[in-house]
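Participant: got a predicted model here, sequence first, then my questions.
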Amino acid sequence: MLIDKPVGWTSHDVVAAVRRQLGTRSVGHAGTLDPFATGLLVVLVGRATRLARFVEAGVKSYEATVRLGVATDTDDATGTPVATVEPDVWPTRDALLTAAAALEGPQQQRPPAYS
């Protein structure tokens, strides 16, 4: 099942709702979305739960909104700002696109302070 997870729900909340609606315990999800994130959550039911590792290995894409100049205690928008920067000159659109392009492809990621 492909479920558009709303803000405020955890991936586990979605699985619990599917379990209740379908009357089965055999429900799982491929990947996890933070409660503040929205997006497509792949939910597997019954024997399909065995396929989770293959679904998770598939190609993924993400869309995000970035706020420059603010750091939070949780490394995300839900945290309390701990530092702000107001540079004399902000990066150009081209500089931002170049920086974003460097993030495409496989990445080693540091877990956030809060997750």
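Facilitator: Received it, and whenever you're ready, just let me know what you need.

Participant: and the strand or helix carrying Leu41, what's buried?
Facilitator: Taking DSSP states H and E as the criterion, the element that holds Leu41 is strand 39-45. By neighbour count with 16 or more other Cβ atoms under 10 Å, strand 39-45 contains the buried residues Leu41, Val42, Val43, Leu44. The C-beta positions use only the backbone N, C-alpha and C, and glycine is treated the same way.

Participant: export these to a markdown table and tack on distance to Trp9?
Facilitator: Converted to a markdown table, these look like this (distance: Cβ to Cβ, whole Å):
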| residue | distance to Trp9 |
| --- | --- |
| Leu41 | 9 |
| Val42 | 15 |
| Val43 | 12 |
| Leu44 | 17 |
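
Participant: contacts for the least confident helix or strand in the chain by mean pLDDT, please.
Facilitator: When each helix and strand of the chain is scored by mean pLDDT, DSSP states H and E, helix 52-56 comes last, with a mean of 89. The set of residues external to helix 52-56 that reach it, using Cβ atoms under 8 Å, 6 or more residues apart in numbering, is Gly28, His29, Ala30, Gly31, Val42, Leu44.

Participant: same question, stretch 102-115
Facilitator: Here stretch 102-115 makes contact (Cβ under 8 Å, 6+ apart) with Asp34, Asp73, Thr74, Asp75, Asp76, Thr78, Gly79.

Participant: between the residues you listed, which is nearest Pro91?
Facilitator: Checking these against Pro91 with Cβ to Cβ, the nearest one is Asp75 at 20.1 Å.

Participant: okay, now the closest residue to that closest one other than its chain neighbours: neighbour count?
Facilitator: If the residues on either side of it in the chain are set aside, Asp75 comes closest to Pro112, at 3.8 Å by Cβ to Cβ, 6 or more residues apart in numbering. The burial metric for Pro112, expressed as a neighbour count using other Cβ atoms under 10 Å, is 12.
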